[in-house]
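*Asks:* pasting a predicted model and its sequence here:
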Amino acid sequence: MALTSALFTGLSGLDVNQTKLQVVGNNIANANTVAFKSSRALFSSQFYVTDGAGGAPQGTFGGANPSQRGLGAQVAAIEKDFNPGSIESTGKNTDLAIEGDGFFVVKGTDEKYTRDGSFSLNSLHQLVNNTGDYVQGFGVDSNYNIVAGTVGNVTVPLGALTSAKETENAVFKGNLNANGQIATGASILTSQPLALVGGGPAAPLPTDLLTNIASASGTATALFSTGQVLTLTGKKGGRDQAPSTFVVTATNTLGNLQQFFQQGMGIFPVGANPGEVPDDLNNATPPPGLSLESTTGDPANTIRLVVTGNLGAENKLDIAGNGFVDANGQTPLAFADGENALGVKSDPTGESVHTSLVAYDSLGTPISVGVTAVFESAANTGNTWRFYAESADDTDPATNLQSGTLTFDSSGKLIASTGASVQIDRQATGAKTPMSVKLDFSQMTSLTSGNSELVMTHQDGNPIGTLNDFNIGDDGKITGSFTNGQTRTLGQVAIATFSNNLGLQDNGGNTYSQGANSGQAVIAAPMTLGAGSIRSGALEQSNVDLSKEFINMIIASTGFSAASRVISTSDQLITELLNSSR
């Protein structure tokens, strides 16, 4: 019966408009939900009854159109609107918003996707959403480089992660005065004349025991005794040398004391080993090091301990009256500027310059390194300077590290260098040993100027520091700031894109799952493969348009009321029909 069909047609109208009203109500309810995407209900006509199929024109017949009666409406689809909402700044660095296409990847029991970036850090420093799902991203290797392709939980260990880096390179800048005086002299410090206890039949030798060494002015008493602790506090170029200690034993010889002075004063001796000055470059001065020599006028059977320094004014040596004392403040040996057995007098002259730098071992411990450059020779093709690197923080007894040369051409440009890699021992410190530091002098020049200048401008190590802050860039990279002033990449937030966002399945709670018609998730870094960029300290707002939703609500209400009138009218007609049949 047609009236019965009208009832069901009206009922379908109630149903679809009720669904539309429900969709509108859900949109309005979520108008302030972070990153919420509004929906719309789309209708389509339901079944049709064909009363006449119609026919094509032919002969005397002009044709007829089909005659069909519809049986109501149905919900064709409820579609998401994935247009972006406005972005609002929050100032919280764990709040993230996506500008453009894509979804954050979160993982709990299964993998989900969301535009809601209201994240926070849990007690394990992991980035999570409001329901405890872990935000996914890319980690870093031991050198803080992003490991692309491997997705995992994003961790930002504030207050827990410490960082230290061993210095591997140190860069120097400056100019070495090409108009300076070539270094030709060195410090020559001589002790008082020494003899064997009791006067002895000959002068002391390096193999003689210290406990058998006396002053020539008092041979009855030895200058040294077993267990005696002696401290050397000399100066070099006017700079205090780190104090060094010598403990006298029953087997110590005068040669052992010579070696101690050489190491304690940071003298680079003649030789071919690392840290030593080649023989053929020291012809103009007495060979640097420690020797035993007699000078004119000294008593018979006596010898002096002679300390000979390296070239240049910045290598000038000084051991004051209290520079070598025992625990009681007594001075067994006194040194003063003098001359050697050949009559060469102390004359530490020549153009030179000194600088220092602080490097760091693998544990972040600061290591002080001094570098002295001395004008060694000049030629028509350019100049040669010699540098000396030393460190009191080197754990072996010698403070001298390395000596090398810098060769400049006639235009003052550095063309060659030797010995520019220094090895610093860190035995028994827990740090990697030896640490190797490359001294980069490539930016140095040798031009005529008033003064030589040498300064370290950069070194690539750093002391220990604790992660105390971080920020997330447009590319999703998480950059941590440490208390030592360093920054390191800690990871990268990942973004998933789909070929058809409308095919995603809404799980509620602002998350989506991959649907049958969404395509596979493509997880990549932001701003790649079509993914949008990330805004840190901001959240995407709902894209619900309230004015539009109010209009849709009126339309749905009107449609519902009209459909209900169809039902009530059909009911009245059926009642009238039943009453008239009595």
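*Replies:* Structure's in. What do you need?

*Asks:* run through who's touching stretch 31-39.
*Replies:* By CB atoms under 8 Å, 6 or more residues apart in numbering, the residues outside stretch 31-39 that reach it are 23, 26-27, 30, 78-82, 85, 97, 114-118, 510, 539-546, 549. C-beta here means a position set from N, CA and C on the backbone, and glycine is covered the same way.

*Asks:* mind giving me the packing neighbours of the longest helix along the chain?
*Replies:* For the chain, the longest helix by residue count, based on DSSP state H, is helix 546-580. Packing contacts for helix 546-580, counted by 3 or more CB pairs under 8 Å, 6 or more residues apart in numbering; DSSP states H and E, involve helix 2-29.

*Asks:* does the spatially most central residue of the chain belong to a helix, a strand or coil?
*Replies:* The centroid of the chain falls nearest to Arg488 when counting by CA atoms, centre = their mean (3.1 Å). Under DSSP: H, G, I helix; E, B strand; the rest coil, the three-state class of Arg488 is strand.

*Asks:* ok, now which ones touch it?
*Replies:* Counting by CB under 8 Å, 6+ apart, the residues that Arg488 touches are Tyr144, Ser163, Thr479, Gly480, Phe482.

*Asks:* sort out for me which of the residues you listed are in strands.
*Replies:* Ser163, Thr479, Gly480, Phe482 (DSSP state E).

*Asks:* could you check how far the nearest residue to the last one once chain neighbours are set aside is from Ser45?
*Replies:* This points to Phe482. Using CB to CB, 6 or more residues apart in numbering and skipping the chain neighbours, the partner closest in space to Phe482 is Gly465 (3.4 Å). Remark: distance between Gly465 and Ser45 (CB to CB, to the nearest Å) = 70 Å.

*Asks:* higher neighbour count, these two?
*Replies:* Gly465 (21 against 12; other CB atoms under 10 Å).

*Asks:* give me the element the more buried one is part of.
*Replies:* Taking DSSP states H and E as the criterion, the element that holds Gly465 is strand 462-472.

*Asks:* between the contacts of Arg488, which is closest to Ser5?
*Replies:* Ser5 lies nearest to Thr479 out of the contacts of Arg488, by CB to CB, at 68.3 Å.

*Asks:* ok, what's across the strand from the closest one?
*Replies:* Counting by DSSP bridges, Thr479 is bridged to Asn471, Thr489.

*Asks:* doesn't Thr487 make contact with it?
*Replies:* Yes: between Thr479 and Thr487 there is a contact at 5.5 Å, judged by CB atoms under 8 Å.

*Asks:* which members of the ones in strands among the contacts of Arg488 are the farthest-apart pair?
*Replies:* Pairwise distances across these (CB to CB) peak at 12.6 Å, for the pair Ser163 and Thr479.

*Asks:* which one of the two has more residues nearby?
*Replies:* Ranked by neighbour count (other CB under 10 Å), Ser163 and Thr479 place Ser163 first, with 19 against 15.

*Asks:* if I look at the residue nearest to Phe482, how far off is Thr457?
*Replies:* 21 Å.

*Asks:* residue ranges with poor pLDDT in the stretch 251-400 of the chain?
*Replies:* Within the stretch 251-400 of the chain, the segments meeting pLDDT under 70 span 271-285.
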